[in-house]
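Colleague: Here is the input, now give the coordinates:
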Amino acid sequence: QSSLTNSDIIFVKLHAPWEVLGKYAELMNVRMPFRRKIYYLHRRYKFMNRIEKQISRFRGWLPRKPMKLDKETLPDLEENDCYTAPFSQQRIHHFIIHNKDTFFNNATRSRIVHHILQRVKYEEGKNKIGLNRLLSNGSYEAAFPLHEGSYRSKNSIKTHGAENHRHLLYECWASWGVWYKYQPLDLVRRYFGEKIGLYFAWLGWYTGMLFPAALIGLFVFLYGVTTLNHCQVSKEVCQATDIIMCPICDKYCPFMRLSDSCIYAKVTHLFDNGATVFFAVFMAVWATVFLEFWKRRRAVIAYDWDLIDWEEEEEEIRPQFEAKYSKKERMNPISGKPEPYQAFADKCSRLIVSASGIFFMICVVIAAVFGIVIYRVVTVSTFAAFKWALIRNNSQVATTGTAVCINFCIIMLLNVLYEKVALFLTNLEQPRTESEWENSFTLKMFLFQFVNLNSSTFYIAFFLGRFTGHPGAYLRLINRWRLEECHPSGCLIDLCMQMGIIMVLKQTWNNFMELGYPLIQNWWTRRKLRQEYGTQSKTSFPQWEKDYNLQPMNAYGLFDEYLEMILQFGFTTIFVAAFPLAPLLALLNNIIEIRLDAYKFVTQWRRPLASRAKDIGIWYGILEGIGILSVITNAFVIAVTSDFIPRLVYAYKYGPCAGQGEAGQKCMVGYVNASLSVFLVSDFENRSEPASNGSEFSGSPLKYCRYRDYRDPPHSPVPYGYTLQFWHVLAARLAFIIVFEHLVFCIKHLISYLIPDLPKDLRDRMRREKYLIQEMMYEAELERLQKERKERKKNGKSYHNEWP
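Modeller: Next comes the predicted model:
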């Protein structure tokens, strides 16, 4: 049928009759419902019954499960309340068939039709098979299953019910009014298939698991707020009007009082306080618990959705692979048919070139970070000489803020480049099947984007202010620019700003691109149609015409959705010790993300082909890798970036409580003075000498200024040499990293060992179901034979030696 808007476009509508569906459902081992489940109660003890009665009484005072969906609006998803078995036409009488037109749902019908189309020969000749080749060579522009009518209705769903499953999904899943409710995952699976259903199940599980992490992170932040007035270190910084700090940059930066950084000291305490170490350990354990419980949740979903025994079919070879290696063939060990073969030497050489490309792109990222470092070094001096007092007095914060924004722009630009490079390198490798291609592309894109997003954060966390030298002997970049120093209150405030700004901007941009871009494109398409065909045209269009005007799903499937969430998971865990509010920001974003993705799938995209999957694939391994990396990075953040270890060493070794085994706030008296070294102003290099002589502080030129380090005074036998306290702090830092990592890894492995992948009740249900299915099959066969025997007797026919 020709398109109403463009006569050059012709739609070919395909429909599979019952006989075809039955035949291929049997070939594809599609599991269908054949007997309702029999639920049985476990034996309960009197004590447990009493407790349950008391709990039910208490629940009577609470709201009636506001997060659960109203069951009256949801259709009876019969297959979830029935035992299922592979469909067989010979045993068709075993299955529950009320209506042959609705026995196979739309997702299953689409999957069967696609299975047929992928195996149909369209032309004489070798490899002229399948719909994908026709799409890749341009014979067809698109191929998609249809949505089930409109997602809007004039009538209320509460009074008139849902018009179709799409309308139902929109009302109880994609609508903003149900943001606080659980997702109807069975309905999502029924409409979009298991692969998309598993993505939303994982996203919902991740969001739910963020609740405890967000609450604990908020508690750590609030603990910092409540203990702010009792913090001895910030008190000393705010009262240190007589301590003059050395300039933080060459020439233009003035001397400053330590008390001028009072606000930064207080803000640092909000994130770097006594609860930070506990929170870092908690988040490392949380990541393990999240992954272990997801395994259990996935097992339950796989059981409910009949994915336990499902095995992927032998995948077709990619047309590009066939075209490249059609001259060399060998026997496929599974199918026994000859297929194109890639020589080992050719594969290795391509992998080496691909790995070199990845390494080169990572070097590009490091070069970009180096550019940001130079920007920070140059602009500190520029902002220090700025005519506006606000910027001049806060030159370091202004430098960090602008550097983060520029860094974000570079990240977004490089992401576009990385996608093209990852695509080129993956195609260069010539993967054999689509799943191999998808895994290779996923790994490259994740690696590129992860390094791109986190490289500058790693620089601020572990390198900023660590290798600057000291006044009079500064280390310089290309012997010209003096390396940037940390603020007198420490580097943690820079890391917090970096994480906060990047996280908020990235999530806002992603949400806009995910929903805003298809919305604008679809609006533009509708506008053109209105101009050409009038306002009433859209209602008269058939469903296939409306769906064709929607945006196609991403070429990479669910890749972009998973990548966004995995990168967010990295942000939430890797530097969480420096930014405890990261889980809260992630939680707020994900509550919006679930509904945005749902709205996009239901209203803005063509209906994707329903495909099956047992798990989230390669992403699980990436999540485990991030979990391990987070333990290491948080250990270094606490030991190196924060002042936790220097304070601990001072409290136990050098403070008023030294040798008493105490470490309260009273033991921190004098810490600020002990952490600052003395510098003779006359020892400045010519190019570092500040423009002012510091006479504004005391009326006469300054002789000494202070800087953050553990060094001997200028008149000691070894001027500016490291003190004993420096070596004590360094040893304590290394010891903390080793103890923290070993302790947390032990806890992680213990938890993963103690939590079984399969819940016990699910294991029992699976065994019982297997037993009941065999019994029911025997019973059904017996009933059929007895019925046949009665009919024969009624007709007066009898046979000797027949079965009962």
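Colleague: what about the closest residue in space to residue 157 that isn't next to it in sequence, distance to residue 690?
Modeller: Leaving aside its sequence neighbours, residue 157 sits nearest to residue 171 (CB to CB, 6 or more residues apart in numbering; 4.7 Å). For the C-beta atoms, the positions are set from N, CA and C on the backbone; glycine is no exception. Distance of residue 171 to residue 690, computed by CB to CB, to the nearest Å: 67 Å.
Colleague: And residue 95, by the same measure?
Modeller: Going from residue 95 to residue 690 by CB to CB gives 87 Å.
Colleague: Could you do residue 592 as well?
Modeller: 49 Å.
Colleague: Please apply the same query to residue 190.
Modeller: Residue 190 is 72 Å from residue 690, by CB to CB.
Colleague: Neighbour count for these two, which is higher?
Modeller: residue 190 (23 against 20; other CB atoms under 10 Å).
Colleague: Tell me if I'm right that that one and residue 165 touch.
Modeller: Yes. Using CB atoms under 8 Å, residue 190 is in contact with residue 165, at 7.0 Å.
Colleague: Which strands and helices lie in contact with the host helix or strand of residue 598?
Modeller: Per DSSP states H and E, residue 598 falls inside helix 582-599. Where contact means 3 or more CB pairs under 8 Å, 6 or more residues apart in numbering; DSSP states H and E, helix 582-599 is packed against helix 194-226, helix 492-511, helix 559-574.
Colleague: among these, which is nearest residue 541?
Modeller: Closest of the helices and strands packed on helix 582-599 to residue 541 is helix 194-226, at 25.8 Å (criterion: CB to CB).
Colleague: Just the buried residues of that closest one, please?
Modeller: 194-207, 209-210, 213-214, 216-217, 220-221, 223-224 (16 or more other CB atoms under 10 Å).
Colleague: Stretch 549-562 now?
Modeller: 549-550, 553, 556-562.
Colleague: how close does the residue nearest to residue 117 when sequence neighbours are not counted sit to residue 108?
Modeller: The shortest distance from residue 117 to any non-neighbouring residue, by CB to CB, 6+ apart, is to residue 131 (4.1 Å). Separation of residue 131 from residue 108 (CB to CB) stands at 18 Å.
Colleague: out of those two, which sits in the busier spot?
Modeller: residue 108 (21 against 18).
Colleague: now whichever helix or strand the more buried one is part of: mean pLDDT?
Modeller: Assigned by DSSP H and E, residue 108 belongs to helix 106-117. The average pLDDT within helix 106-117 is 86.
Colleague: pLDDT of stretch 659-672, averaged?
Modeller: On average, stretch 659-672 scores 78.
Colleague: For that stretch, measure first residue to last.
Modeller: End-to-end distance for stretch 659-672: 20 Å, by CA to CA, to the nearest Å.
Colleague: residue ranges with poor pLDDT in the stretch 1-150 of the chain?
Modeller: Scanning the stretch 1-150 of the chain for pLDDT under 70 picks out the ranges 1, 35-81, 125-127.
Colleague: can you check the stretch 451-600 of the chain too?
Modeller: For the stretch 451-600 of the chain, the ranges with pLDDT under 70 are 531-539.
Colleague: Which parts of the stretch 51-200 of the chain are helices?
Modeller: Applying DSSP state H, counting those that start in this stretch to the stretch 51-200 of the chain gives helices spanning 100-103, 106-117, 131-136, 157-160, 165-169, 185-192, 194-226.
Colleague: how about the nearest residue to residue 482 once chain neighbours are set aside, what does it touch?
Modeller: With sequence-adjacent residues excluded and distances taken as CB to CB, 6+ apart, residue 482 is closest to residue 474, at 4.8 Å. Each residue near residue 474 by CB atoms under 8 Å, 6 or more residues apart in numbering is listed here: 468, 482-483, 685, 688.
Colleague: my read: residue 284 touches residue 748, true?
Modeller: Yes. If you go by CB under 8 Å, residue 284 and residue 748 touch, sitting 6.5 Å apart.
Colleague: Which residue of these two possesses the greater neighbour count?
Modeller: Higher neighbour count among residue 284 and residue 748: residue 284, with 27 against 20, using other CB under 10 Å.
Colleague: So, low pLDDT: which residues of the stretch 301-450 of the chain?
Modeller: 311-316, 319, 326, 331-337, 381, 383-396.
Colleague: Kindly recompute the last result at 90.
Modeller: Applying pLDDT under 90 to the stretch 301-450 of the chain picks out residues 301-351, 353-355, 357-450.
Colleague: Restricting to C-alpha, output the helix or strand following the helix holding residue 598 in PDB.
Modeller: Note on helix 582-599: by DSSP H and E, the next helix or strand toward the C-terminus is helix 618-636. Below are the C-alpha coordinates for helix 618-636, written out as PDB (Å, rounded to 0.1, in the frame of the first residue of the first chain):
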ATOM      1  CA  ILE A 618      28.800  -7.500  29.100                       C
ATOM      2  CA  TRP A 619      27.600  -4.700  31.300                       C
ATOM      3  CA  TYR A 620      27.600  -6.900  34.400                       C
ATOM      4  CA  GLY A 621      31.400  -7.500  34.100                       C
ATOM      5  CA  ILE A 622      31.900  -3.800  33.600                       C
ATOM      6  CA  LEU A 623      29.900  -3.100  36.800                       C
ATOM      7  CA  GLU A 624      32.100  -5.600  38.800                       C
ATOM      8  CA  GLY A 625      35.200  -3.900  37.400                       C
ATOM      9  CA  ILE A 626      34.000  -0.500  38.600                       C
ATOM     10  CA  GLY A 627      33.200  -1.900  42.000                       C
ATOM     11  CA  ILE A 628      36.800  -3.100  42.400                       C
ATOM     12  CA  LEU A 629      38.200   0.200  41.100                       C
ATOM     13  CA  SER A 630      36.000   2.100  43.500                       C
ATOM     14  CA  VAL A 631      37.600   0.400  46.600                       C
ATOM     15  CA  ILE A 632      41.100   1.500  45.400                       C
ATOM     16  CA  THR A 633      40.200   5.100  44.500                       C
ATOM     17  CA  ASN A 634      38.300   5.700  47.700                       C
ATOM     18  CA  ALA A 635      41.200   4.400  49.700                       C
ATOM     19  CA  PHE A 636      43.500   6.800  47.900                       C
END
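Colleague: Counting by contacts, list what helix 618-636 packs against.
Modeller: Against helix 618-636 (3+ CB pairs under 8 Å, 6+ apart) you get helix 276-304, helix 434-462, helix 559-574, helix 724-754.
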